[in-house]
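Asks: Any chance you could fold what I've pasted below:
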Amino acid sequence: MDAEQIDRTLAACEQALRNGEPIDLRALGFWRAVAAVKRNLAWTEVYGDRIAEIDRQAFERSVRLRFPLFVGLAALALGALVGLILAIVGLRPPHRKSGGLFVLGSLILIVTTHDLAHYAVGQALGIRFSQAFLGGKGLIEPGLKVDYASYLRAPAQSRALMHASGAVATKLVAILGFLVALLARLPARVSVLLAGIASLTILIDVFFSTRYSDWKRFSREIRVANALQQDFRR
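Replies: Residues are numbered from 1 along each chain as shown. Next comes the predicted model:
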């Protein structure tokens, strides 16, 4: 896709948004244009803000449950703190006899640390976020909306690491929960349950994330990085 085609595609998306029509960015070729821009570093400056505005408007039109970023981050941080407290209390008598609080705390930590990891790694690598939301495949799945202008201007390797960070955090927390339960000699059923949860997070990565979510995006950005390196060597 050349610059003229990108201009036409973005103009069509902007017109559809102005008209208030139901918008399908994929059908309009928006993501093909974005892919082309990623493979030309000069174009990220030329088209970055324009792409980000289209992405923002389309997102806000399709996602109803949106919140200011600080509200989402505060909720995630508070949730992580609650999860940690529950897990610690669950290791103490008399709660350790059932292990229920430890399992609940571990589950809360698995959910909340995912997006916190995205945010922390993204911030460190120059990728910003604009809003928090509830959506995804399940209505209550939390998420953070990336600011696409900063996303495009970050190196492809940085984008890949940001995507991988959430998935890695989920697995680390799940496995750590299982190991702590094992070492603390919580009831065997607790260790078995947490082992099952850790295994489930890995299976989700293998069969879902690689096709629809974080690991798919990670692979996509690694391919972009490799393509740019090959172009540079030429």
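Asks: can you map out the strands along this structure?
Replies: Remark: strands assigned in the chain by DSSP state E are 66-68, 129-135, 141-146.
Asks: what mean pLDDT does the longest helix out of those in the chain have?
Replies: Looking across the chain with DSSP state H, the single longest helix is helix 156-183. Mean pLDDT, helix 156-183: 97.
Asks: Nearest to residue 45, out of the strands of the chain?
Replies: Between residue 45 and the strands of the chain, the shortest separation by Cβ to Cβ is 17.9 Å, and it involves strand 141-146. Backbone N, C-alpha and C define where each C-beta goes, glycine included.
Asks: With only the CA atoms kept, save the closest one in PDB.
Replies: The C-alpha trace of strand 141-146 is given here as PDB (Å, rounded to 0.1, in the frame of the first residue of the first chain):
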ATOM      1  CA  GLU A 141     -13.000  -8.200  31.200                       C
ATOM      2  CA  PRO A 142     -11.000  -5.100  32.100                       C
ATOM      3  CA  GLY A 143      -8.700  -3.400  29.600                       C
ATOM      4  CA  LEU A 144      -6.600  -0.300  28.900                       C
ATOM      5  CA  LYS A 145      -6.900   1.500  25.600                       C
ATOM      6  CA  VAL A 146      -3.600   2.200  24.000                       C
END
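Asks: Run through who's touching that strand.
Replies: Strand 141-146 is touched from outside by 56, 59, 66, 69, 72-73, 75-76, 111-112, 115, 118-119, 122, 127-136, with contacts defined as Cβ atoms under 8 Å, 6 or more residues apart in numbering.
Asks: Report the buried members of the residues you listed.
Replies: 56, 59, 66, 69, 72-73, 76, 111-112, 115, 118-119, 122, 127-135 (16 or more other Cβ atoms under 10 Å).
Asks: What sits closest to residue 129 if chain neighbours are left out?
Replies: Excluding its sequence neighbours, the residue lying closest to residue 129 (Cβ to Cβ, 6 or more residues apart in numbering) is residue 144, at 4.6 Å.
Asks: residues near the one you found, how many?
Replies: Each residue near residue 144 was counted by other Cβ atoms under 10 Å, and the total is 21.
Asks: pLDDT score for it?
Replies: We have a pLDDT of 96 for residue 144.
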